[in-house]
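> everything below, folded, please.
(one chain, ligands or ions: 1)
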Amino acid sequence: MINWYRIEDHLIPAENAINKIKLAGKNICLINHENNYFATSSKCPHAGADLSEGWCASGKLICPYHRHAFDLKNGRGAIGQGNYISVYPLEKRGGEWFIGIKLTFIQKLFKK
Ligand code: FES
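Residues are numbered from 1 along each chain as shown. Alright, predicted model coming up:
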């Protein structure tokens, strides 16, 4: 089950920029890479660096610490890394942006 959250316009990144937001208890990178938009987790699984301080190249988000690369579409680490990051669906509906975040097990229990 996914909950959709509206993203305020000023948080949408300019071209080739990354904005970090906190939503539903998660730190998330909102990414504009060549005018394609993505949302990923912001913590690098290698040693915890803040991926919002990294950059994008060839469809990948690059960690600023040790240069691990993660596919912006599916979060997979490059060959040999053996890691991945979470990616979240982004949708533009009627001029407004929304991000989808899966409910945790506990949230599902208490959702009415
Ligand atoms: S902390 Fe990201 S590659 Fe090492």
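
> and the most centrally placed residue in the chain, which of the three is it?
Nearest to the mean C-alpha position of the chain, counting by CA atoms, centre = their mean, stands Thr40 at 1.4 Å. With DSSP: H, G, I helix; E, B strand; the rest coil as the basis, Thr40 sits in strand.

> give the contact list for the nearest residue to Ile101 once chain neighbours are set aside.
Excluding the flanking residues, the one nearest Ile101 by CB to CB, 6 or more residues apart in numbering is Ala24, at 4.8 Å. In this view, the C-beta of every residue, glycine as well, is placed from N, C-alpha and C. Residues near Ala24 by CB atoms under 8 Å, 6 or more residues apart in numbering: 3, 5, 101.

> now, which of those sits nearest the ligand?
The shortest approach to the ligand among these belongs to Ile101, at 22.5 Å (CB to the nearest ligand atom).

> surely the closest one touches Tyr5?
Yes. With contact defined as CB atoms under 8 Å, Ile101 counts as touching Tyr5 (6.6 Å).

> which stretches in this structure count as strands?
Assigned by DSSP state E, the strands in the chain fall at 2-7, 17-23, 26-33, 36-41, 55-57, 60-62, 69-71, 87-88, 90-93, 96-102.
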